[in-house]
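Colleague: Just to be clear, the model below is a prediction. Sequence and coordinates:
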Amino acid sequence: MNRRVVITGLGIYSCLGENVLEVTDSLKSGKSGIGIDLVRKEMGYRSALTGIIETPNLKKKLTRRQRVSMSEQANYAYVSCIEALENAKINDEFLDSNVVGMIFGNDSSAKAVMESIDKIREKKDTALLGSGCIFQSMNSTVNMNLSTIFRIKGINYTISAACSSGGHAIGSAYNLIRSGMQDTIICGGAQEVNPLAFGSFDGLGVFSINESDPHLASRPFDERRDGLIPSGGGATIVLEALDTALKRGAPIIAEVVGYGFSSNGKHISAPDVDGQKKSILMALEDASISPENIDYINAHATSTPLGDACEAEAIHSIFNKYNTPVSSTKSMTGHECWMSGASEIIYSIIMMKNNFIAPNINFKKSEESLAKINIIAKTTKKELKTVMSNSFGFGGTNSNIIIKKYEN
């Protein structure tokens, strides 16, 4: 089978806003969600920069038994999931009477793990950890909590693939639906934002230390870039087989038409141009389109010197004839890590739906090697019919998703 796969629901909870409407406004205005967390300085961090996100209060939405099992990122994912299901017009009756799947990208639950170990060391009694600790601590924390809350009966697993986790989650869901193995899958990514999650990153020296003005610190592709800024939240997409969506009269937002992936097979943390090119070309081939048909690329670009340069070279080698518009929404959000592969697909869909390209803010000038690609520095009105989102992660894992406006 080769069924068409459509998107019927979107939900987002990020430093740009707590829902799709707020995030749309932020993307249009080029608003940064980055700020300072002074706790990080007290802990010994080089950089206190981070995406600013409030943990949602779910006391009125979930029982205490449900909440006690949920990690920070599961809270974010739950809020985004509620929005996506509402947008998709999926209610409790539908979830109870249909085999719906769930795949999320998540690659850590550091806060829950570290707090539980601290308590054991202090109290010398594991019984004091409580019943919810294990369900907060596992990498599959998002799936195990949300699949229980929403009574999921279909495919149910977590993808841990570093900063490509969210992209691979959506790509895997797309393939399962296209093949006929599932009709509907709730998928996305989530990322904790607390200081306990990022100490080892900070120790690598990969974070920006430009703390004087947090909104100016994330500078993808700019020659002044000095490192990434950690961020996170929750992003949810509802994917359905086209025939299933049409049968129930679902609102169709867009269509997934291509998924590419590859592994660099080289350095554990350094990016690789050839690996990225292979993934991009695979997505184009899967979508049966040529590079000239891509109207916009949401770059992975995290604002690191080497990473941005490699991606620019990969993009240029494939799209150089077409002057394809490129921007990195990480200039506004920072790097949403395990969530970014999903959230940036949502940001791209928002742009496509509203006919604009969000700006690569803080971009003034790039070195000669990066100047070959068409970086969009200001909000630009443009009809977008087909967009691609890049995601590249530690371990050399690459993911590319292509989305089109839906046509009968």
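Modeller: Arrived safely. All values reported here derive from a predicted model rather than from experimental measurement. Residues are numbered from 1 along each chain as shown.
Colleague: how near is residue 40 to residue 304?
Modeller: In this structure, residue 40 lies at 19 Å from residue 304, with CB to CB, to the nearest Å as the measure. For the C-beta atoms, the positions are set from N, CA and C on the backbone; glycine is no exception.
Colleague: go on, residue 169?
Modeller: From residue 169 across to residue 304, the span is 24 Å (CB to CB).
Colleague: same deal with residue 6?
Modeller: Taking CB to CB as the measure, residue 6 falls 35 Å from residue 304.
Colleague: what about these two, which has more around it?
Modeller: Each of residue 6 and residue 304 had its neighbours counted (other CB atoms under 10 Å), and the higher figure belongs to residue 6 (24 against 20).
Colleague: just the helices in the stretch 51-200 of the chain please.
Modeller: Counting by DSSP state H, counting those that start in this stretch, residue ranges of the helices within the stretch 51-200 of the chain are 64-67, 72-87, 92-97, 110-123, 133-137, 141-149, 165-178, 199-203.
Colleague: cool, and the stretch 301-408 of the chain?
Modeller: All helices of the stretch 301-408 of the chain, identified by DSSP H, counting those that start in this stretch, fall at 305-319, 330-333, 340-354.
Colleague: do you know which of those helices lies nearest residue 145?
Modeller: The closest approach between residue 145 and any of the helices of the stretch 301-408 of the chain, judged by CB to CB, belongs to helix 340-354 at 17.0 Å.
Colleague: what angle separates that closest one from helix 165-178?
Modeller: Counting by axes from the mean of the first three to the mean of the last three CA atoms, to 10 degrees, helix 340-354 points 70 degrees away from the direction of helix 165-178.
Colleague: Can you pull the phi and psi angles for residue 36?
Modeller: Per-residue torsions, residue 36: phi -110, psi 130 (degrees, to the nearest 10).
Colleague: pLDDT score for it?
Modeller: What the model reports as pLDDT for residue 36 is 98.
Colleague: which residues touch the residue nearest the centre of the chain?
Modeller: The structure's the chain has its C-alpha centroid closest to residue 340; by CA atoms, centre = their mean the separation is 2.3 Å. With contact set as CB atoms under 8 Å, 6 or more residues apart in numbering, residue 340 has these partners: 163, 166, 189, 191, 300, 330, 333, 391.
Colleague: let's see 10 Å
Modeller: Counting by CB atoms under 10 Å, 6 or more residues apart in numbering, residue 340 makes contact with 14, 105, 163-167, 189, 191, 231-233, 235, 298, 300, 302, 329-330, 333-334, 347, 389, 391-393.
Colleague: cool, and residue 225?
Modeller: Here residue 225 is in contact with 208, 210, 217-219, 301-305, 307-309, 331, 362-363, 366, 370 (criterion: CB under 10 Å, 6+ apart).
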